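1. just to be clear, the model below is a prediction. Sequence and coordinates:
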Number of protein chains: 2
Amino acid sequence: MSSQQHFTSIEKILSKLPPDDYQNIRNVLYGKPTSKLDLSDAETKANDYDLELVSCRFEASPEQLRPPKIVRVGIFQHKLPLPPNTPIKEMRDGLYKLAQNAIETAAKGGVNIFCFQEAWNMPFAFCTREKQPWCEYAEVAEFGPTTIFLQQLAKRYNMVVISPILERDEVHGQTIWNTAVVIDNYGDFLGKHRKNHIPRVGDFNESTYYFEGNTGHPVFQTEFGKIAINICYGRHHPLNWLMFGLNGAEIVFNPSATVGNLSEPLWGIEARNAAIANSYFTCAINRVGTEIFETEFTSGDGKPAHKEFGHFYGSSYIAAPDGSRSQGLSRDKTGLLIAELDLNLCRQVRDHWSFQMTQRLDMYAELLAKVVQPDFKPQIIKK
Amino acid sequence: MSSQQHFTSIEKILSKLPPDDYQNIRNVLYGKPTSKLDLSDAETKANDYDLELVSCRFEASPEQLRPPKIVRVGIFQHKLPLPPNTPIKEMRDGLYKLAQNAIETAAKGGVNIFCFQEAWNMPFAFCTREKQPWCEYAEVAEFGPTTIFLQQLAKRYNMVVISPILERDEVHGQTIWNTAVVIDNYGDFLGKHRKNHIPRVGDFNESTYYFEGNTGHPVFQTEFGKIAINICYGRHHPLNWLMFGLNGAEIVFNPSATVGNLSEPLWGIEARNAAIANSYFTCAINRVGTEIFETEFTSGDGKPAHKEFGHFYGSSYIAAPDGSRSQGLSRDKTGLLIAELDLNLCRQVRDHWSFQMTQRLDMYAELLAKVVQPDFKPQIIKK
């Protein structure tokens, strides 16, 4: 799929169609039309910092008893600013600089909740299966350097910041976790969530480094809405999405790191299906760029050893409970997507579609309890 | 969205792009390339009967111990051949003729398993909320006229036929159900499945006519593979899809009837996401055309009374466990999609992605048992 690395986005290609055709295909592929935001201040900053900037507004209907519940989210996809094997301190400082630029730009765009990609402050080095130096990137969620760095920015800009990192749990045997830290808009540590589903596929050798999360499906009550984080591979698991919804999430972020060969045709489907099925907003964020390591590794696919993970195709996007979605960020650039959401849309869609009332959860609770028994007999009808 | 009724398909629009652009966008939107089948005999028949014919081959890798497990499925979307208020017997005879043509064409194309759209042998009259004459279409699943009619064709063509109808249960108080009848390739009644999730949205006033199904999530073991049927609105429910997978389905048919205003942007997402999440094939079949009734009805949307349901947009398609999908049938024509599947792909994708091993079903069984309790406390983290 290497030729695929050379086009910028689906939307750029679609825009070449004649206007009528474009309109028809857009309506089917992207759902109810959305508008752009006026972001002139943020645009200036984005130009200064060489960040792609995309915006989108999802509207809800006016109601008689509830005022609109407007929130702006910013999702950020970025390339490594330095080669993967750069000394850790230097790499982290480079990433902090990039993060500061992005958050400053988001603040100019009025962003209330900001989310980075998975393991944002390090190379996605799990392909190598080397423990060192990569485990050195792990830090304590509650007071590690990245949390402290972001707390200052969160407070300064009155912004909730979601920071997916590699966590070092010093209390429990120095274990490592894939964790999202939530910092509130006062700069306080609000909580953390550990990735629930760990891949065993391709070069995603993450199960060598950390285990399935033990923090459940927390929903974080912020001043701007109820949010949750479904980290990366969890997006393939409808039950994971479901539980965040049952706990009351209005926005679920999906910080990810995934490459073209493996998952690109799935990318536009899964987080969007979750938004539809669970009547909440989903924000799918993918890493971008190609990371080339110093030592070679194999991929369990019969091919020779090599040094690069493949192309992280970006294409971060936001999907709404009514099935509409934003344009994506590009497949090849560091960029920021700012979207304005009216969270009233969540309940409006619930009233409209009634998925929550028609889902027969009691039946499935009983059925799953049977399925997990070792002597489970599938319901099969044969002659 | 009425202007949308006037274009034929997404694929026709995309084909206007320059070849390189088309290739790039196709790879992302449709996944791993599929090929067409050589169907010259079926094409002749399709021309005779004025049916659109689309074909697709999904391949799997060769294995050492298992031979390929090849099956051809045919999914059929059709307009009513007569106005909705045509006397029932006459309407049914017209539909039987159409069905015979379609099955004969499918037989020429080597189809092993054939599936109609939802409530295929009647107008989709639930929008009217009139009980008569529409309830007269209901018939006994086991030996009603439609089952008897199709048993002959199934036997003649050595073809499994799935027949979604309105069922009359004479044993249980003359109750009515939305049911899919499965007839095996010897012409024998193999079993039935009743729609699990009933909509309460738009003009889909089905809950006025029938209740949630009580037949569980049966998988039918046929000579050509293990199949299940997720009827229409059940496609919005990830747990419904999940249970068919847990019971061992290799192909899940989704006979539907849905209209543009309501669901078109969701159509390409949901059945495809189910194929990905559950590592099986899904066959999404939608009714096509516009049905105009004699008496007017309102739609609960503040608009004046009217006589038509809106445009059933067809666009039937098949999705594979690896996330690839076929071209769709058109948005405006009666048509047959014949696809060749290698069912070995299901287990190959399971081995590759490991979704079934990583899904932590035991955790979700416990969680759902808690969620359904009246005093359930969501997991919310706040200051």
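-> Noted; the coordinates are in hand.

2. which parts of the stretch 51-200 of chain A are strands?
-> Taking DSSP state E, counting those that start in this stretch as the criterion, the stretch 51-200 of chain A carries its strands at A:52-58, A:70-77, A:113-115, A:160-169, A:175-183, A:189-194.

3. sheet partners, orientation included, of the shortest one?
-> With DSSP bridges as the test, strand A:113-115 is paired with strand A:70-77 (parallel), strand A:160-169 (parallel).

4. can you add mean neighbour count and give these back as JSON lines?
-> For every residue, glycine as well, the C-beta is placed using N, CA and C. Output for those, formatted as JSON lines (neighbours: other CB atoms under 10 Å in any protein chain shown):
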{"stretch": "strand A:70-77", "mean neighbour count": "26"}
{"stretch": "strand A:160-169", "mean neighbour count": "24"}
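
5. save those strands as a markdown table, and put in mean pLDDT and distance to A:Pro87 too.
-> As requested, the strands paired with strand A:113-115 are exported to a markdown table (pLDDT from 0 to 100; distance: least, CB to CB, whole Å):
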| stretch | mean pLDDT | distance to A:Pro87 |
| --- | --- | --- |
| strand A:70-77 | 98 | 24 |
| strand A:160-169 | 98 | 17 |
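
6. which strands and helices lie in contact with the longest helix along chain A?
-> Assignment by DSSP state H gives helix A:88-108 as the longest helix of chain A. Other helices and strands packing on helix A:88-108, by 3 or more CB pairs under 8 Å, 6 or more residues apart in numbering or on different chains; DSSP states H and E, are helix A:40-49, strand A:70-77, strand A:113-115, helix A:145-157, strand A:335-342.

7. where in the stretch 101-250 of chain A is pLDDT low?
-> Scanning the stretch 101-250 of chain A for pLDDT under 70 picks out no residues.

8. using TSV, please lay out the helices and strands packed on helix A:88-108 together with distance to B:Gly289.
-> As requested, the helices and strands packed on helix A:88-108 are exported to TSV (distance: least, CB to CB, whole Å):
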stretch	distance to B:Gly289
helix A:40-49	47
strand A:70-77	41
strand A:113-115	44
helix A:145-157	54
strand A:335-342	36
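
9. A:Asp21: which of the ones you listed is closest?
-> The closest of the helices and strands packed on helix A:88-108 to A:Asp21 is strand A:335-342. By CB to CB, the value is 25.5 Å.

10. and A:Thr305, how many neighbours?
-> For residue A:305 the amino acid is Ala, not Thr. 9 (other CB atoms under 10 Å in any protein chain shown).

11. need the residues of the stretch 251-383 of chain A near chain B, please.
-> Contact residues, the stretch 251-383 of chain A versus chain B (CB under 8 Å from any CB of the partner chain): A:263-266, A:268-270, A:272-273, A:276-277, A:323-324, A:352-355, A:357-362, A:364-365, A:367-369, A:371-372, A:378-383.

12. report the angle between the helix or strand hosting A:Lys226 and strand A:70-77.
-> Assessed by DSSP states H and E, A:Lys226 sits inside strand A:225-229. Going by axes from the mean of the first three to the mean of the last three CA atoms, to 10 degrees, strand A:225-229 is angled at 20 degrees with respect to strand A:70-77.

13. tell me the helix or strand right after strand A:225-229.
-> Downstream of strand A:225-229, the next assigned helix or strand under DSSP H and E is helix A:238-246.

14. A:Phe309 is in contact with A:Asn261, correct?
-> No: with contact defined as CB atoms under 8 Å, A:Asn261 does not reach A:Phe309; the gap is 10.1 Å.

15. ok, back up a step: tabulate the strands of the stretch 51-200 of chain A (CSV), appending distance to A:Ile13.
-> CSV is the format used below for the strands of the stretch 51-200 of chain A (distance: least, CB to CB, whole Å):
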stretch, distance to A:Ile13
strand A:52-58, 16
strand A:70-77, 19
strand A:113-115, 27
strand A:160-169, 30
strand A:175-183, 33
strand A:189-194, 36
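
16. how distant is the longest helix of chain A from the center of its chain?
-> Remark: helix A:88-108 is offset 18 Å from the chain centroid, using CA atoms, centre = their mean, to the nearest Å.

17. which residues are contacting that helix?
-> The contact list for helix A:88-108 (CB atoms under 8 Å, 6 or more residues apart in numbering or on different chains) reads A:39, A:41-42, A:44-46, A:49, A:51, A:53, A:74, A:76, A:78, A:80-82, A:86, A:114, A:116, A:120-123, A:133, A:136-137, A:145-146, A:149-150, A:153, A:157, A:159, A:161, A:334, A:336, A:338.

18. and it, which residues are buried?
-> Buried positions in helix A:88-108, judged by neighbour count with 16 or more other CB atoms under 10 Å in any protein chain shown: A:91-92, A:95-96, A:98-99, A:101-108.

19. now those in CSV, with distance to A:Phe220?
-> Converted to CSV, the buried residues of helix A:88-108 look like this (distance: CB to CB, whole Å):
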residue, distance to A:Phe220
A:Met91, 28
A:Arg92, 25
A:Leu95, 24
A:Tyr96, 23
A:Leu98, 25
A:Ala99, 20
A:Asn101, 25
A:Ala102, 21
A:Ile103, 18
A:Glu104, 23
A:Thr105, 24
A:Ala106, 18
A:Ala107, 20
A:Lys108, 25
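
20. what is the nearest of those to B:Gly173?
-> Nearest to B:Gly173, judged by CB to CB, of the buried residues of helix A:88-108 is A:Ala106 at 61.3 Å.

21. what's the local residue count around A:Tyr303?
-> To be clear, residue A:303 is Lys; Tyr isn't right here. 8.

22. confirm it sits in a strand?
-> No: read with DSSP: H, G, I helix; E, B strand; the rest coil, A:Lys303 is coil and lies in no strand.

23. roughly how far apart are it and chain B?
-> 15 Å (CB to the nearest CB, to the nearest Å).

24. next one: that residue from B:Gly335, what distance?
-> Using CB to CB, to the nearest Å, A:Lys303 is found at 41 Å from B:Gly335.

25. and if you look at A:Asn247?
-> Applying CB to CB, the value for A:Asn247 to B:Gly335 is 43 Å.

26. just the pLDDT for the one residue in the stretch 1-150 of chain A that gets nearest to chain B.
-> Closest residue of the stretch 1-150 of chain A to chain B, CB to the nearest CB: A:Gly31 (3.5 Å). Looking at A:Gly31, its pLDDT is 97.

27. now A:Ser3
-> In the prediction, the pLDDT value recorded for A:Ser3 is 44.

28. picking that back up, next, the contact list for the residue of the stretch 1-150 of chain A closest to chain B, please.
-> A:320, A:322-325, B:265-266 are the contacts of A:Gly31 under CB under 8 Å, 6+ apart.

29. most neighbours out of those residues, which is it?
-> Neighbour counts for these peak at A:Ala320, which has 28 neighbours (criterion: other CB under 10 Å).

30. what are the bridge partners for the nearest residue to it once chain neighbours are set aside, then?
-> Once flanking residues are discounted, A:Ala320 sits nearest to A:Phe58: 4.7 Å by CB to CB, 6 or more residues apart in numbering or on different chains. With DSSP bridges as the criterion, A:Phe58 is bridged to A:Leu341.

31. for A:Phe58, list the residues it contacts.
-> Counting by CB under 8 Å, 6+ apart, the residues that A:Phe58 touches are A:34, A:281, A:318, A:320, A:324, A:326, A:339-342, A:345.
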